[in-house]
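Participant: Have a look at this fold, sequence not included:
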Ligand code: ADP
Ligand code: MG
């Protein structure tokens, strides 16, 4: 039995790290699946033109499929482009198609270019029935306008950190950018959560990185730690999360633990102690 407390109002997370291959998409998909398994209604917004989150959630994202591109550029409502994932009746995805690769440039000349996702999401969340408890936005590995839209639409940032050499490189740039967004575009934004991923406890390096991150970010870093696991990397090719692909595997258990921690801690509000 795995049931989680639901938040009073929807929690919107941006999963960000400008490095590629650190586990953003894997974390988005598996946390979303875990939260849905715990009884929450969850929306994943795929904001990476690669469409890896869409693939992993088993939703159609061939060219011409209505997608997040239409939300950003054509002001299509979210409910008209989202699809239910075969993963769970509580899990939905706004897919990304290859069109999105051009959106970064098209957005530049549009009005309200930084707030387009936020406007669409606010409209969606205030009318969705039944209500959604979580929105997870999967970002591309860059700090361009797509990622800015994600930061403006969210209240919480979740940073996956790969437990390897150079893990912390680039982190201060990311935190600076989050601070800039907070100052100028979204005063509600907080970096609330860090998740250590691809952890290999047999290496000293991984242990050192994990320890260093916990020292710098004791409140934000989740106790749950995602191990490096072949089952995690295999699951997307079956259009499944690791949680349905191999429920009892260590990778699945660790994502279930991480989701439970996020749900139990609740939303961190500015100025509040945890
Ligand atoms: P990002 O979205 O940050 O680019 P991904 O989530 O796509 O990163 O992960 C990069 C690669 O690492 C993918 O091939 C993925 O399957 C693999 N991967 C992610 N997390 C793990 C893990 N815990 N164990 C093993 N492989 C992983
Ligand atoms: Mg990705």
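Facilitator: Good, I have the coordinates. All figures in this text were calculated on a predicted structure; none of them were measured in a lab. Residues are numbered from 1 along each chain as shown. Ligands and ions are numbered 1, 2, ... in the order given.

Participant: Only C-alpha atoms from now on, for both contacts and neighbour counts.
Facilitator: Fine.

Participant: how about the residues of the stretch 151-274 of the chain near ligand 1?
Facilitator: 197, 198, 226, 227, 228, 229, 230, 232, 233 (Cα under 6 Å from any ligand atom).

Participant: Mind checking which of the residues you listed land in strands?
Facilitator: 197, 198, 226, 227 (DSSP state E).

Participant: Give me the pLDDT value at residue 226.
Facilitator: pLDDT, residue 226: 98.

Participant: Ligand 1: which of the ones in strands among the residues of the stretch 151-274 of the chain next to ligand 1 is nearest?
Facilitator: Using Cα to the nearest ligand atom, residue 198 comes nearest to ligand 1 of those, at 4.0 Å.

Participant: which residues touch the residue nearest to that closest one when sequence neighbours are not counted?
Facilitator: Spatially, and ignoring its direct neighbours in sequence, residue 198 is nearest to residue 228 (4.0 Å; Cα to Cα, 6 or more residues apart in numbering). Residues in contact with residue 228 (Cα atoms under 8 Å, 6 or more residues apart in numbering) are 197, 198, 199, 200, 251.

Participant: mind checking the longest helix of this structure?
Facilitator: helix 250-265 (DSSP state H).

Participant: for it, the distance to its chain's centre please.
Facilitator: Remark: helix 250-265 is offset 14 Å from the chain centroid, using Cα atoms, centre = their mean, to the nearest Å.

Participant: Mind giving me the packing neighbours of that helix?
Facilitator: Where contact means 3 or more Cα pairs under 8 Å, 6 or more residues apart in numbering; DSSP states H and E, helix 250-265 is packed against helix 24-37, strand 221-227, helix 230-234, helix 242-245.

Participant: buried set for that helix?
Facilitator: 250-260, 262-263 (16 or more other Cα atoms under 10 Å).

Participant: per-residue pLDDT, the residue located most distally from the centre of the chain?
Facilitator: Using Cα atoms, centre = their mean, the residue of the chain lying farthest from its centre is residue 204. It sits 28.5 Å away. With respect to pLDDT, residue 204 scores 94.

Participant: Also the one 3 residues further on?
Facilitator: Per-residue confidence at residue 207 stands at 95 (pLDDT).

Participant: my guess is it contacts residue 198, does it?
Facilitator: No: here residue 207 does not reach residue 198: they are 11.5 Å apart, not a contact under Cα atoms under 8 Å.

Participant: how about the buried residues of helix 250-265 in JSON lines, adding pLDDT?
Facilitator: Output for the buried residues of helix 250-265, formatted as JSON lines (pLDDT from 0 to 100):
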{"residue": "250", "pLDDT": "98"}
{"residue": "251", "pLDDT": "98"}
{"residue": "252", "pLDDT": "98"}
{"residue": "253", "pLDDT": "98"}
{"residue": "254", "pLDDT": "98"}
{"residue": "255", "pLDDT": "98"}
{"residue": "256", "pLDDT": "98"}
{"residue": "257", "pLDDT": "98"}
{"residue": "258", "pLDDT": "98"}
{"residue": "259", "pLDDT": "98"}
{"residue": "260", "pLDDT": "98"}
{"residue": "262", "pLDDT": "98"}
{"residue": "263", "pLDDT": "98"}
